[in-house]
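Q: using only what follows, build the 3D model:
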Amino acid sequence: MVNQLLSRAPRCYFFSTPPPRPRSLSGEGRQRGDFAISIIGRGDRLAARDRLFRLILLLLWTALSVYFTLGHVVWRDEMRALSLALTGDSVTAMLRAIHGEGHPALWYLMLRGAHAVFPVREVLPVVGWLGAFAAACLFAWRAPFRPLVLALILFGAFFAFEYAAIARNYAIGMLGLFAVAALYKSRRDRGVTIGVLLALLCNTNVPCCVLAAAILGFWLVELLGEEGLRWGPKYRLFLLNAAVAAAGAALCFATVFPTVHDAAVIDHPGGVGPVAVLKALATPALSFWDLVPPFVPNSSVGAALFGILMFGSLLGLARAPAAFLSALGAMLAFELFFQLVYPGYYRHQALYLCYLVAVYWLVAQGRGGRWPESWRIDARVGRAQEVGEALFVLLVALQVLTTMAMLSTVRAGYPYSRARDLAALLQRERLDKAIVLADPDMFIEPLPYYLPEAPLYQMRAQRFGTVVRFTKQVRRELNPDDYLAEGRRLHAATGKPVVFVIQHRLRTDRPTRTKEINFWYFSTTPEQVRRFQAAVPRIAAFAPVVSDETYEVYALR
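A: All right, here's what the predicted structure looks like:
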């Protein structure tokens, strides 16, 4: 009955009247007023010199990313995933181990499958790099961008380092977004390819579930512009794909929730009110500041300018309602998530940048719909589109500056972590079988990559294990006396030497209290530090690193 009523209803077009014809991206199309991306994209067929240029870009990206990967020291989040992926005697046991861990299963399955074929630790960086390499190949050959924009995106820190050298699940999320952008034009109205890709995207990481919903929003708004409210085959196909994507999202959330890391989320003692929500929506700099190069000082003026840059980069999509609304929705959703639920780091924030790239990709192919003619959006937007495109280019150019900063730190000899140096020290001191305690506990999670047999003891949970859980159900307050007493107990019980690995903060001049995560604290007094250092000699103090994994090392023999 509903179908019959809809079929008799007059066709209502929300964003165009009548449905738009395919738009040309040529100069002639622009003169007719058709939407096109002038600075960002190109719609003509690739000439031979363009293909050669793209091949050169891909080769250069490969060389740079391999350089980063070969010199990269595995840090805790990378090794944590491999430890969990290899847990249990079966895939079922592994799936039970990762339940509530905070990430869906796809990355763990990839690591476990690769390790089953090649049972060596190096599958971790290789599988991570291959995900980024696949995304780079797809992007270099299929993205309809001009040479400068191609180069800026490929050599941005997220593409060349964060998602290539650091073996995590975010590279496959980027690959999923680019696959949707590459296939959307040809597969949107055929089968469930897009729905399957979105289901897989949802199972790369939790933020990508938000981006999958944004892509479905893009599709729906575009359909409203083409079909109006009249029910038809395109809506049925959309709902089918949406159902497939929703099934993928449900699988993700069944794997992730309920979380075992109740201490990792942002704490709101007074609850979340309307003021907090409005502040989060209005301050993109608080959510995306890691997209600014590290040498730029954090200031109120800088935050205001960066907020203008973030919102302004959407103006390049202003003539395409599906693109503009979905990108705006994704940015606002990320702001709420990063400020109210879980803090976003560069790896998370760059996922939004990948989505913005994918949306510009779609618009450069003529997708995204049109606003109603009566709204005269094209006339009102004026040159704002070109300004928005320029701001988008500036945003991706900032990532290249971050890449240059990373290159500088690598060449200066600052590794990402001191875990490899710690393993070498313990082997050199014949402490490779010693019990290792760390503050914070998670700082020794990468050690098994370089020293597989080292027994790791978690002070807060008071148990041996390689994977730390960020929970409130542990000892929340620790001090040097606690470590010394526990180390002596373990030494007496096992006869093994005990090594304390402590981040650089033992001071004898004043008391300290450090917040490690929301509910975990490490406190010292000058007297406690003196007692600890008198009983346990320090054998090493490592230099600074790119991340936070550097240590002072003490040995109780």
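Q: for D432, what are phi and psi?
A: Main-chain torsions, D432, degrees, to the nearest 10: phi -70, psi -20.
Q: how many residues are close by the closest residue to it other than its chain neighbours?
A: Excluding its sequence neighbours, the residue lying closest to D432 (C-beta to C-beta, 6 or more residues apart in numbering) is L426, at 5.0 Å. C-beta coordinates here come from the backbone N, C-alpha and C atoms, glycine included. Using other C-beta atoms under 10 Å, L426 has 25 other residues around it.
Q: how about the secondary structure of L426?
A: helix (DSSP: H, G, I helix; E, B strand; the rest coil).
Q: same question, D548
A: Strictly by three-state DSSP, D548 counts as coil.
Q: now G344
A: coil.
Q: pull out the buried residues from the longest helix anywhere in the chain.
A: Determined from DSSP state H, the single longest helix within the chain is helix 384-411. Neighbour counts over helix 384-411 (16 or more other C-beta atoms under 10 Å) mark 385-393, 395-403, 405-407, 410 as buried.
Q: for that helix, packing partners?
A: helix 48-71, helix 147-154, helix 157, helix 300-312, helix 346-364 (3 or more C-beta pairs under 8 Å, 6 or more residues apart in numbering; DSSP states H and E).
Q: now the ones you listed in a markdown table, with mean neighbour count and distance to F324?
A: Shown next, in a markdown table, are the helices and strands packed on helix 384-411 (neighbours: other C-beta atoms under 10 Å; distance: least, C-beta to C-beta, whole Å):
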| stretch | mean neighbour count | distance to F324 |
| --- | --- | --- |
| helix 48-71 | 15 | 28 |
| helix 147-154 | 20 | 19 |
| helix 157 | 26 | 26 |
| helix 300-312 | 15 | 11 |
| helix 346-364 | 25 | 9 |
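Q: who wins for proximity to E122 among those?
A: helix 48-71 (10.6 Å; C-beta to C-beta).
Q: just the angle for the closest one relative to helix 384-411, thanks.
A: 40 degrees (axes from the mean of the first three to the mean of the last three C-alpha atoms, to 10 degrees).
Q: quick one, helix 48-71 and helix 147-154 angle?
A: Going by the same axes, to 10 degrees, helix 48-71 makes 20 degrees with helix 147-154.
Q: okay, buried residues for the strand or helix carrying T255 please.
A: Taking DSSP states H and E as the definition, T255 sits inside helix 233-256. Neighbour-count burial for helix 233-256, counted by 16+ other C-beta under 10 Å, picks out 234-235, 237-238, 241-242, 244-246, 248-249, 251-252, 255-256.
Q: can you report how many residues lie near the residue lying closest to A182 once chain neighbours are set aside?
A: Distances taken as C-beta to C-beta, 6+ apart place R142 nearest to A182, at 4.5 Å, with adjacent residues excluded. Neighbour count of R142, defined by other C-beta under 10 Å: 17.
Q: shouldn't R142 be in contact with Y184?
A: No: using C-beta atoms under 8 Å, R142 makes no contact with Y184, being 11.2 Å away.
Q: and the helix or strand hosting G176, how far out from the chain middle?
A: Assigned by DSSP H and E, G176 falls within helix 170-187. Offset of helix 170-187 from its chain centre (C-alpha atoms, centre = their mean, to the nearest Å): 15 Å.
Q: how about that helix as PDB, C-alpha atoms only?
A: Output of helix 170-187 as PDB, limited to C-alpha atoms (Å, rounded to 0.1, in the frame of the first residue of the first chain):
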ATOM      1  CA  TYR A 170      44.100   2.500  10.500                       C
ATOM      2  CA  ALA A 171      45.800   1.800   7.100                       C
ATOM      3  CA  ILE A 172      43.200  -0.700   6.200                       C
ATOM      4  CA  GLY A 173      40.600   1.900   7.100                       C
ATOM      5  CA  MET A 174      42.100   4.400   4.700                       C
ATOM      6  CA  LEU A 175      42.200   1.600   2.100                       C
ATOM      7  CA  GLY A 176      38.500   1.000   2.600                       C
ATOM      8  CA  LEU A 177      37.600   4.700   2.200                       C
ATOM      9  CA  PHE A 178      39.600   5.000  -1.000                       C
ATOM     10  CA  ALA A 179      38.100   1.700  -2.400                       C
ATOM     11  CA  VAL A 180      34.600   3.200  -1.800                       C
ATOM     12  CA  ALA A 181      35.600   6.400  -3.600                       C
ATOM     13  CA  ALA A 182      37.100   4.500  -6.500                       C
ATOM     14  CA  LEU A 183      34.100   2.200  -7.000                       C
ATOM     15  CA  TYR A 184      31.200   4.400  -6.000                       C
ATOM     16  CA  LYS A 185      30.500   5.900  -9.400                       C
ATOM     17  CA  SER A 186      30.300   2.500 -11.200                       C
ATOM     18  CA  ARG A 187      28.900   0.300  -8.400                       C
END
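Q: give me the mean pLDDT for it.
A: What helix 170-187 shows for mean pLDDT is 97.
Q: what helices and strands are in contact with it?
A: Using 3+ C-beta pairs under 8 Å, 6+ apart, helix 170-187 sits against helix 106-117, helix 123-142, helix 193-202, helix 207-227, helix 346-364.
Q: can you redo these as a markdown table with mean pLDDT?
A: Formatted as a markdown table, these follow (pLDDT from 0 to 100):
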| stretch | mean pLDDT |
| --- | --- |
| helix 106-117 | 98 |
| helix 123-142 | 97 |
| helix 193-202 | 98 |
| helix 207-227 | 96 |
| helix 346-364 | 97 |
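Q: any chance of these in a markdown table, plus distance to R319?
A: Formatted as a markdown table, the helices and strands packed on helix 170-187 follow (distance: least, C-beta to C-beta, whole Å):
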| stretch | distance to R319 |
| --- | --- |
| helix 106-117 | 36 |
| helix 123-142 | 23 |
| helix 193-202 | 23 |
| helix 207-227 | 12 |
| helix 346-364 | 8 |
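Q: ok, which of those comes nearest S326?
A: Among the helices and strands packed on helix 170-187, helix 207-227 sits nearest to S326 (C-beta to C-beta), with 4.0 Å.
Q: how far off centre is the closest one?
A: 21 Å.
Q: C-alpha coordinates for that helix, CSV please?
A: Extracted in CSV, the C-alpha atoms of helix 207-227 (Å, rounded to 0.1, in the frame of the first residue of the first chain):
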residue,chain,number,x,y,z
PRO,A,207,35.8,5.7,14.1
CYS,A,208,35.4,4.2,10.6
CYS,A,209,31.9,3.2,11.7
VAL,A,210,31.1,7.0,11.8
LEU,A,211,32.6,7.4,8.4
ALA,A,212,30.6,4.5,7.0
ALA,A,213,27.5,6.2,8.2
ALA,A,214,28.7,9.4,6.6
ILE,A,215,29.1,7.7,3.2
LEU,A,216,25.5,6.3,3.5
GLY,A,217,24.4,9.8,4.2
PHE,A,218,26.2,11.0,1.1
TRP,A,219,24.4,8.3,-0.9
LEU,A,220,21.0,9.1,0.6
VAL,A,221,21.3,12.9,-0.1
GLU,A,222,22.4,12.2,-3.6
LEU,A,223,19.4,9.9,-4.1
LEU,A,224,17.0,12.6,-2.8
GLY,A,225,18.4,14.9,-5.4
GLU,A,226,18.0,12.4,-8.2
GLU,A,227,14.7,10.6,-7.2
